[in-house]
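>>> A predicted structure for the sequence below; I have some questions about it.
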Amino acid sequence: MDAAAHSPVDSAHEHLARLQWITSALSRSLTPAEVANVVIGHAFDALQASTGIAYFISGDDPAPRYAGSRGVVARDVAAWQSGTSSPFSISTVLTSGQPLWLRNRFDILEHIPCFDQWATPTDRLQAIVALPLQLEGRLLGAIAFSFAEEQRFGDRQRDFLLTVAELSAQALDRARLFEAERRAREEAAEANRRLRLLSEASKAFAEESRDLSSALNVIAERLTAMVGDTATIALISLIREDGTMLENVAARAREPEFAEYLAAFAREHPQRVGIGIRGRVAATGDPLFFPVIDSASLQASAVTEVQPLFDRFKMTTMMVVPLRVRDRILGTISMSRADSTRPYTPSDLMFVQELADRAALTIENARLYESATRASRVRDHLLFVAGHELLTPLTVLRLQVSSLQRNDFDPERAASKLEMTARSLERLDNLIEKFIDISCISAGQLSFTPESVDLVALVRDVAAMFSERLEKSGCELELLAREAIVGRWDRLRIEQVITNLFSNACKYGGGRPVEVAVGRSSDMAFVQVKDHGVGIAPEKQALIFQRFERAVADRNMGGLRLGLWICREIVEAHGGRIAVESTPGEGSAFTVYLPMAPQLAAPRPD
């Protein structure tokens, strides 16, 4: 007897009952996976099939994907899930859009000529049916069943299968709409959550906008809290003033075991702008996004600066975004996570960039506030020092003029008083010149007039001017300068630098010899002034070229404490540098290096 005669769907009553059951179950199916379970499960039982397979097409992916099966060996399921292969019946129906009714072995061999080559002698597959899932002309997927006995596929059986396919297509479309609506709700909720987080971050950033260090710590903390979990790290890097290097200024790891290592990594791995991942982002302003990252991909992309971090942290996803404000790049923010189940998404990248833009504004405001505060302190200190420095020569002038105004005029005493008056006027003149230099340097407007200058002759002229003062200080001058060294410099500015070094040698030389050497090395000329006086402590040597710094704390030593700072600005504007070597109690050696043909530039404004 034909196998179809025993089919449970031969009975009209069972046919209707089964369709009602499937309709009810499909109406409760809210996901494509639930639709697949209902279709394959109920139709499989109703048809007494050997296998059942479902492939669906999602709304945003045109490629059909395995959705579910019954009675299929694990090896085939694994192959279908991975996409390395797909059932012939499913592929045929998805291509043609028409049902496939293979009633017996003859029909199978006609459609699948190679079937006997891979089917085993004990393979009981004798019939196949495959149906497209279509709705309003749209192909949504396909279902297929195989049988161990030949099938007649009579009208009632065909009607049942076609109805199941139609109901399945409708249910699948509803599930897809429900999924899309659910995703839209989740995305809206996530957008609202992130908007709230951005508002909270902006408030937190604003509260710390007066202190750069505190602001950086808050930014790093917020980043790891808002975008991360326990397996997240954040690294903030800022471009140095010279624009060449990225300096890591803040690092945060949610797990304590990584925090110490990350802090050490940040200190030891600055990055050159334009080189590496962070360097490229700092140079271009374009973010870099790595949803999946591993050792092989790092090596293939020749990105080595994060390899030590990868080896220790085992990060699986990474992104680097620029810190940008008003079309300027301040630095970068790097985010990494060590969780292969949670790669960063494009929405994560957009969120971090939003945070970075707010963080950049906070950093800029903190820098401006610190700069303004520092400028205010400098101004107040300058006014205080200048007032005291100006008061001394003015007092002397007042006393001498008052004495000369009296009638007891004595030519010898008058000559002495006039000499003191001249020295006071000279001191006032020097102070005023320094004030002008300070103003010009701070505004980046210090002027230069390059000309051909014999450095040796210039040093000899300065030495002659200081001969009397050196003698009074008890300092014997030893000058080593054999041949002329001619370069293009601003004569008056270089003379100002050398004069300051001579003055310091007289002041701090302790009555011991002062050695001056002038020479040339390759394309650089140098002047060294060495004394054998009190010397400079190591911790002070880096500070003496800053404003209002002095190596020796002595109330008897007057002055604005700006000389070496002005010297550094003049020398660096010539493209050179000034250095000091000193041992406390043994003296100091100041060396000025000048390029023979400098490209003069105004000092950077404060």
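Nice, I can see it. Numbering: from 1, shown residues only.
>>> and residue 285, backbone torsions?
Per-residue torsions, residue 285: phi 80, psi 10 (degrees, to the nearest 10).
>>> could you check how far it is from residue 463?
Using Cβ to Cβ, to the nearest Å, residue 285 is found at 53 Å from residue 463. Any C-beta I mention is one placed from the backbone N, CA and C, and that applies to glycine too.
>>> residue 530 - nearest residue in space that isn't next to it in sequence?
In space, and not counting its chain neighbours, residue 530 is closest to residue 589: 3.9 Å by Cβ to Cβ, 6 or more residues apart in numbering.
>>> what about residue 460, how many neighbours?
The tally of other residues near residue 460 (other Cβ atoms under 10 Å) stands at 15.
>>> so where do the strands sit in the stretch 351-500 of the chain?
Along the stretch 351-500 of the chain, counting by DSSP state E, counting those that start in this stretch, strands occupy 450-454, 477-480, 486-490.
>>> in TSV, list the ones you listed along with mean pLDDT and distance to residue 88.
As requested, the strands of the stretch 351-500 of the chain are arranged in TSV below (pLDDT from 0 to 100; distance: least, Cβ to Cβ, whole Å):
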stretch	mean pLDDT	distance to residue 88
strand 450-454	91	85
strand 477-480	90	96
strand 486-490	91	85
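>>> which of the ones you listed sits most buried?
strand 486-490 (a mean of 20; mean count of other Cβ atoms under 10 Å).
>>> what is that strand packed up against?
strand 450-454, helix 455-465, strand 587-595 (3 or more Cβ pairs under 8 Å, 6 or more residues apart in numbering; DSSP states H and E).
>>> pLDDT of the second one, averaged?
Right, helix 455-465. If you average the pLDDT over helix 455-465, you get 90.
>>> list the buried residues of that helix.
Buried residues in helix 455-465, counted by 16 or more other Cβ atoms under 10 Å: 455, 456, 458, 459, 462, 463.
>>> if you count contacts, what does it end up packed against?
In terms of contacts (3+ Cβ pairs under 8 Å, 6+ apart), helix 455-465 is packed against strand 477-480, strand 486-490, helix 491-508, strand 514-521, strand 524-530.
>>> what about that helix, distance to the chain center?
How far helix 455-465 lies from its chain's middle: 51 Å, per Cα atoms, centre = their mean, to the nearest Å.
>>> again, but for the last one
Between the mean C-alpha location of strand 587-595 and the chain-wide mean there is a distance of 38 Å, by Cα atoms, centre = their mean.
>>> ok, the shortest one next?
Strand 450-454 sits 45 Å away from the centroid of its parent chain (Cα atoms, centre = their mean).
>>> distance of the residue nearest the centre of the chain from residue 286?
The C-alpha lying nearest the average C-alpha coordinate of the chain belongs to residue 332 (Cα atoms, centre = their mean; 2.0 Å). Per Cβ to Cβ, residue 332 is found 11 Å from residue 286.
>>> next up, the contacts around the residue nearest to residue 451 when sequence neighbours are not counted.
Nearest residue to residue 451 in three dimensions, chain neighbours excluded: residue 491, at 5.9 Å (Cβ to Cβ, 6+ apart). Going by Cβ atoms under 8 Å, 6 or more residues apart in numbering, residue 491 touches 449, 451, 453, 458.
>>> now do residue 144
Contacts of residue 144 (Cβ under 8 Å, 6+ apart): 52, 53, 87, 89, 90, 93, 100, 128, 129, 130, 131.
>>> list the beta-bridge partners for residue 248.
Beta bridges link residue 248 to residue 237 when assigned by DSSP bridges.
>>> repeat that for residue 317.
Counting by DSSP bridges, residue 317 forms beta bridges with residue 337.
>>> tell me the pLDDT of it.
Here, the pLDDT recorded for residue 317 equals 86.
>>> that one touches residue 343, doesn't it?
Yes: contact criterion Cβ atoms under 8 Å: residue 317 and residue 343 qualify, at 4.3 Å.
>>> looking at the two, which one has more neighbours?
A count of neighbours by other Cβ under 10 Å puts residue 317 above the other of residue 317 and residue 343, at 21 against 15.
>>> identify the residues contacting the more buried one.
When contacts are taken as Cβ under 8 Å, 6+ apart, residue 317 is in contact with 290, 291, 292, 293, 336, 337, 339, 342, 343, 344.
>>> sort out for me which of the residues you listed are in strands.
Secondary structure from DSSP state E places 290, 336, 337 of those in strands.
>>> of the strands of the stretch 351-500 of the chain, which approaches residue 371 most closely?
strand 486-490 (28.4 Å; Cβ to Cβ).
>>> parallel or antiparallel, list what pairs with that closest one.
strand 450-454 (antiparallel).
>>> before we move on, back to that, want to throw the helices and strands packed on strand 486-490 into JSON lines with distance to residue 249?
Listed next are the helices and strands packed on strand 486-490 as JSON lines, based on distance: least, Cβ to Cβ, whole Å:
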{"stretch": "strand 450-454", "distance to residue 249": "38"}
{"stretch": "helix 455-465", "distance to residue 249": "41"}
{"stretch": "strand 587-595", "distance to residue 249": "31"}
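>>> quick revisit: just the buried ones from the ones in strands among the contacts of residue 317?
Buried among these (16+ other Cβ under 10 Å): 290, 336, 337.
>>> touching, the last one and residue 316? I think so.
Yep, that's residue 337 we're talking about. Yes: with contacts counted by Cβ under 8 Å, residue 337 reaches residue 316, the gap being 6.5 Å.
>>> joint contacts of those two?
Residues within reach of residue 337 and of residue 316 at once, by Cβ under 8 Å, 6+ apart, are residue 343.
>>> returning to that earlier point: so which of the helices and strands packed on helix 455-465 gets nearest residue 61?
Per Cβ to Cβ, nearest to residue 61 of the helices and strands packed on helix 455-465: strand 524-530, 65.9 Å.
>>> got the buried residues for the closest one?
Buried, per 16+ other Cβ under 10 Å, within strand 524-530: 525, 526, 527, 528, 529, 530.
>>> how close does residue 226 sit to residue 215?
For residue 226, the distance to residue 215 equals 16 Å [Cβ to Cβ].
>>> the two: which is more packed in?
Taking neighbours as other Cβ under 10 Å, residue 226 and residue 215 compare with residue 215 leading, 24 against 18.
>>> which one is that one nearest to, not counting chain neighbours?
Spatial nearest neighbour of residue 215, excluding adjacent residues (Cβ to Cβ, 6+ apart): residue 208 at 4.2 Å.
>>> do you know how far that neighbour is from residue 367?
Residue 208 is 13 Å from residue 367, by Cβ to Cβ.
>>> who's more crowded, these two?
Neighbours were counted for residue 208 and for residue 367 using other Cβ under 10 Å; residue 208 has more, 18 against 15.
>>> tabulate the CA atom coordinates of stretch 259-266 in PDB.
Output of stretch 259-266 as PDB, limited to C-alpha atoms (Å, rounded to 0.1, in the frame of the first residue of the first chain):
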ATOM      1  CA  ALA A 259      46.300  49.000  36.900                       C
ATOM      2  CA  GLU A 260      49.900  49.000  38.000                       C
ATOM      3  CA  TYR A 261      51.200  47.400  34.800                       C
ATOM      4  CA  LEU A 262      49.100  49.900  32.700                       C
ATOM      5  CA  ALA A 263      50.600  52.900  34.600                       C
ATOM      6  CA  ALA A 264      54.100  51.600  33.900                       C
ATOM      7  CA  PHE A 265      53.200  51.000  30.200                       C
ATOM      8  CA  ALA A 266      51.900  54.600  30.000                       C
END
